[in-house]
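Q: the sequence and its predicted three-dimensional model are supplied below.
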Amino acid sequence: MESGDLTTILFLCLVAFVPTLFFMVWFRASGKSEREPWSAVLLSFLFGAIGAVMIALVLEMLAMTFLSSPLIREYDLFALDPTALTFIMVIVIAPLAEEAAKALGVSRNITRSLGTLRSGLVLGVASGLGFAATENLLYEAGALIDGGITAFISLAVVRTFSSALMHASATSVSGYGIARSSLRGGSWIPFLLLAILMHGTFNLFASFGELLTDPLGEWAALIGLSCAFALVIVSVSWTRRRIATGS
């Protein structure tokens, strides 16, 4: 491997991981209550970046094999195969597999040892951001190879402030449910289902450009992007408010 290739890989990793680490610090700093130890936060981040990505990939491969669908990037599916099966993969299967995998990064033992609802939120954010960092790395590398620097910059900016924060907010809901279940009893599955719904809704908005091109033309992508950002803003506001109040 040439030095230029190593430089490119390092650059891609920095662009994908530095913003998510910044977001993690930003979320953790919310409020005045005691902060979670970095060891637990970074463990959840690393699980999201490595373990959750691998688990989600296996689950999605199994689902695509079962549904006889090719294994390609979820946002490319509509462009290649705009069918009901594609809709199920992007809006249902991918969010289900990814949110279930990310939730595993917020283990009951870690949450119980930290002993607060806030800890579940923060560890959920960390797991979601870790997953987003790796996902962004893969998407942005593809954009650089296929579309050049302009496509890379555009995708990196959009994904940093939309997909990354969506992953953080959605998994914070699962983390909150896990912490609540550990402290108060009851099931955290409804919170996981809400996270899946958030993720699926975001994917639906992100797919407007492919789904609604015929009736709306170029406006479809803009409308979808606007709706996706609106969802992210609401979700991030809820998450930070919950972390700040610790409830």
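A: Everything's here; your move. Residues are numbered from 1 along each chain as shown.
Q: any idea which residue sits dead centre in the protein?
A: His167 (2.4 Å; CA atoms, centre = their mean).
Q: that residue and Gly124: what is the separation?
A: Distance, His167 to Gly124, by CB to CB, to the nearest Å: 10 Å. All C-beta atoms are positioned from the backbone trio N, CA, C, and that covers glycine.
Q: now swap in Glu60 and tell me
A: 21 Å.
Q: one step back: name the helix or strand for the residue nearest to the centre of the chain, please.
A: Take DSSP states H and E as the rule and His167 turns out to sit in helix 163-184.
Q: okay, now the unreliable bits of the protein?
A: 1-4, 67-84, 108-113, 209-217 (pLDDT under 70).
Q: buried ones in the helix holding His167, by neighbour count?
A: Neighbour-count burial for helix 163-184 flags 163-182 (criterion: 16 or more other CB atoms under 10 Å).
Q: which residues touch Pro37?
A: Leu114 (CB atoms under 8 Å, 6 or more residues apart in numbering).
Q: for Ala29, see how far away it is.
A: 14 Å.
Q: next, the buried residues of the helix or strand containing Leu225.
A: Applying DSSP H and E as the criterion places Leu225 in helix 219-245. Residues of helix 219-245 classed as buried: 220-221, 224-225, 227-229, 231-232, 235-236, 239-240, 242-244 (neighbour count, 16+ other CB under 10 Å).
Q: same question for stretch 137-157.
A: Neighbour-count burial for stretch 137-157 [16+ other CB under 10 Å]: 137, 139-141, 143-144, 152, 155-156.
Q: now those residues in CSV, with distance to Gly51 and secondary structure?
A: Converted to CSV, the buried residues of stretch 137-157 look like this (distance: CB to CB, whole Å; DSSP: H, G, I helix; E, B strand; the rest coil):
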residue, distance to Gly51, secondary structure
Leu137, 16, helix
Tyr139, 19, helix
Glu140, 21, helix
Ala141, 20, helix
Ala143, 25, helix
Leu144, 26, helix
Phe152, 27, helix
Leu155, 25, helix
Ala156, 24, helix
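Q: now the residues you listed in TSV, with distance to Gly120?
A: Formatted as TSV, these follow (distance: CB to CB, whole Å):
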residue	distance to Gly120
Leu137	26
Tyr139	28
Glu140	30
Ala141	32
Ala143	34
Leu144	36
Phe152	35
Leu155	31
Ala156	30
